[in-house]
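S.K.: sequence first, predicted model second:
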Amino acid sequence: LVNPSAINTIRVGRTDDPTTPITITPTLSQPVQLECDRSGISKNWFTNGTAVTNTPGDLSNVATKYIRRIITISSFSRSHAKGYTCSVSANSLSTYPVILETSPSVTPIPPPFRVQGVMLTKIGTSMNISWTAVTGTGSKYAIGYVVRYSTKSSTTTDPPSDAMKRSGITDTTTTLTGLQSGITYYVWVAAEILGAG
């Protein structure tokens, strides 16, 4: 039973089916409150079979208010993503499971990065281009290489927006054909990252 009056407040123990876990995905760094709302001789929250207690820097508060046993997490983090069970002792033992989970961790894909050791050889209307394969951190994301070329230079390290593009190159060499004789061409070579190029 999710209390709509508060962000990430989950209240169990009254109308819930004690055998069906409630799973929620709170926003990281947001407060979370778990409330066990059931009268009984005793009740407490457990995780991995261990009673949850106050832990400085982790759980801001574990307390009883009226008949509720409450966990307050001041700032939800991945360390809080686990199963919590409210155990209530009365005439019989009832348990109410709640699962807090986080969204899958996403590793940002780095942008295309330029290669080293680019060599150019222009013969008539063709140009042979070779370079050194990318290495180091981020190279595992490279699926090939992209070559851009233009008769315009650039005042930055990026090619002009209207530069010609050749992508899908899996080797460390390529040949451009159909170029104009006597014209200077500028070439940019970068690793192609998952199609981002």
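M.R.: Sure, I can see it. These numbers were taken from a predicted model, which means no experiment stands behind them. Numbers count the residues shown, from 1 in each chain.
S.K.: nearest residue to Gly124 other than its sequence neighbours?
M.R.: Ser181 (6.2 Å; CB to CB, 6 or more residues apart in numbering). Just so you know, the C-beta spots here come from the backbone N, C-alpha and C atoms, and that holds for glycine as well.
S.K.: any idea how far that neighbour lies from Leu28?
M.R.: From Ser181 across to Leu28, the span is 59 Å (CB to CB, to the nearest Å).
S.K.: quick one on the thing from earlier: these two touch, right, the residue nearest to Gly124 and Lys122?
M.R.: No - taking contacts as CB atoms under 8 Å, Ser181 lies outside contact range of Lys122: 9.1 Å.
S.K.: skip ahead from the worst-scoring helix or strand of the chain on mean pLDDT and say which helix or strand is next.
M.R.: Taking mean pLDDT, DSSP states H and E as the measure, strand 61-65 is the helix or strand of the chain with the lowest mean score, a mean of 68. Downstream of strand 61-65, the first helix or strand assigned by DSSP states H and E is strand 68-73.
S.K.: average pLDDT across that next one?
M.R.: The pLDDT scores in strand 68-73 average 84.
S.K.: again with stretch 143-162
M.R.: The pLDDT scores in stretch 143-162 average 89.
S.K.: in that stretch, what counts as buried?
M.R.: 145-150, 159-160 (16 or more other CB atoms under 10 Å).
S.K.: for that stretch, how far is the first residue from the last?
M.R.: 23 Å (CA to CA, to the nearest Å).
S.K.: how about stretch 125-141?
M.R.: Chord length of stretch 125-141, first to last residue, is 34 Å (CA to CA).
S.K.: what's in contact with that stretch?
M.R.: For stretch 125-141, contacts defined as CB atoms under 8 Å, 6 or more residues apart in numbering pick out 109-110, 113, 115-122, 142, 145, 147, 149, 172-181, 185, 187, 189, 191, 193-194.
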